[in-house]
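**Student:** next come a sequence and a model predicted from it.
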Amino acid sequence: MDLSKKGLDSGPKWVLPILVGRETAALMIEVSVRTIDYLIKRKKLKTRRIGRRVLIEVASLRRLARDGYLGPLSE
């Protein structure tokens, strides 16, 4: 089936994710998974639950990277 005739092949060949798992989030901002868990607990990262998985919004990772986090990383 030729998708270009239906106008479905005109977009980009890759898609940026809007939600990522904890491990990917940690890699994206170069911190540990434990730090990601802490930031989720402190509500510094927005999450979405899909089934049993907790996924982090990439927009909240970008916001954290842009604005920083000045709070303690331990309790």
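**Tutor:** Noted; the coordinates are in hand. Numbers count the residues shown, from 1 in each chain.
**Student:** how close does the most centrally placed residue in the chain get to L16?
**Tutor:** The centroid of the chain falls nearest to V58 when counting by C-alpha atoms, centre = their mean (3.1 Å). The gap separating V58 from L16 is 7 Å, by C-beta to C-beta, to the nearest Å. The C-beta positions use only the backbone N, C-alpha and C, and glycine is treated the same way.
**Student:** enumerate every residue touching the residue nearest to the centre of the chain.
**Tutor:** Residues near V58 by C-beta atoms under 8 Å, 6 or more residues apart in numbering: 16-20, 28.
**Student:** show me where this protein has strands.
**Tutor:** Using DSSP state E, the strands found in the chain span residues 19-20, 47-50, 53-57.
**Student:** distance to D67, mean pLDDT and mean neighbour count added to these, as a markdown table?
**Tutor:** Below are the strands of the chain laid out as a markdown table (distance: least, C-beta to C-beta, whole Å; pLDDT from 0 to 100; neighbours: other C-beta atoms under 10 Å):
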| stretch | distance to D67 | mean pLDDT | mean neighbour count |
| --- | --- | --- | --- |
| strand 19-20 | 19 | 97 | 17 |
| strand 47-50 | 18 | 96 | 12 |
| strand 53-57 | 15 | 96 | 17 |
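**Student:** which residues sit against stretch 25-35?
**Tutor:** 20, 22-23, 36, 45, 56, 58, 61, 64-65, 73.
**Student:** pLDDT-wise, what's the bottom of these?
**Tutor:** In terms of pLDDT, L73 ranks lowest among the contacts of stretch 25-35, with 61.
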